[in-house]
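Asks: Fold the following.
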Amino acid sequence: VHLVESGGGSVQSGGSLRLSCAAAGFTFSNYAMGWARQVPGKRLEWVSSIYSDGATYYTNSFKGRFAVSRDEVKNTVYLQMNTLKPEDTAVYYCAKCDYSGHLCEPGDFGSWGQGTLVTVSS
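Replies: Sure thing, here's the model as predicted:
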């Protein structure tokens, strides 16, 4: 399993970014994918999941601002982040569920990318 995030960077408050996660080494279409983030010194926070059938899940605090999607041709999962706030500054990680065709809980995601840093300035 190989997951590579990209698209992080610096943006001003109110701006947008789209993160990408290119996946390889497994049958992408069979697995749920997800995004989590970690602010330095704080716990990992689950952001969103997208299942193999395209259904999505968001932690409440991200609903309406963030949108997850997947491209089965490019084997890539995306996280569109809008109306960014300084408190969204974090390293964002892409993850793969350990189980194919499974309605995955955050604890079921066992493969992770290296992360991409998002910095939102006020």
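Asks: for this structure, what spans make up the strands?
Replies: 2-6, 9-12, 17-24, 31-38, 44-50, 56-58, 66-71, 76-81, 90-100, 109-112, 116-121 (DSSP state E).
Asks: how near is the residue lying closest to residue 50 once chain neighbours are set aside to residue 26?
Replies: Nearest non-adjacent residue to residue 50, counting by CB to CB, 6 or more residues apart in numbering: residue 68, 4.6 Å away. Where you see a C-beta, it was placed from the backbone N, CA and C, and this is true even at glycine. Residue 68 sits at a distance of 18 Å from residue 26 (criterion: CB to CB, to the nearest Å).
Asks: Over to residue 48?
Replies: Distance from residue 48 to residue 26, by CB to CB: 20 Å.
Asks: ok, those two, which is more surrounded?
Replies: A side-by-side neighbour count of residue 48 and residue 26, using other CB atoms under 10 Å, places residue 48 first with 22 against 15.
Asks: Pretty sure the more buried one sits against residue 55.
Replies: No: using CB atoms under 8 Å, residue 48 makes no contact with residue 55, being 11.3 Å away.
Asks: residue contacts, the residue nearest to residue 50?
Replies: 33-35, 47-50, 56, 58, 77-80 (CB atoms under 8 Å, 6 or more residues apart in numbering).
Asks: got a list of what residue 8 touches?
Replies: Residue 8 sits next to 17, 19, 91-92, 116-118 when contact means CB under 8 Å, 6+ apart.
Asks: whoops, I mixed them up, residue 67
Replies: 79-80, 82.
Asks: Let me know the closest of those to residue 96.
Replies: residue 79 (14.3 Å; CB to CB).
Asks: Which residue, other than its chain neighbours, is closest to that closest one?
Replies: residue 19 (4.3 Å).
Asks: now residue 27
Replies: residue 100 is the one closest to residue 27 (CB to CB, 6+ apart), at 7.4 Å.
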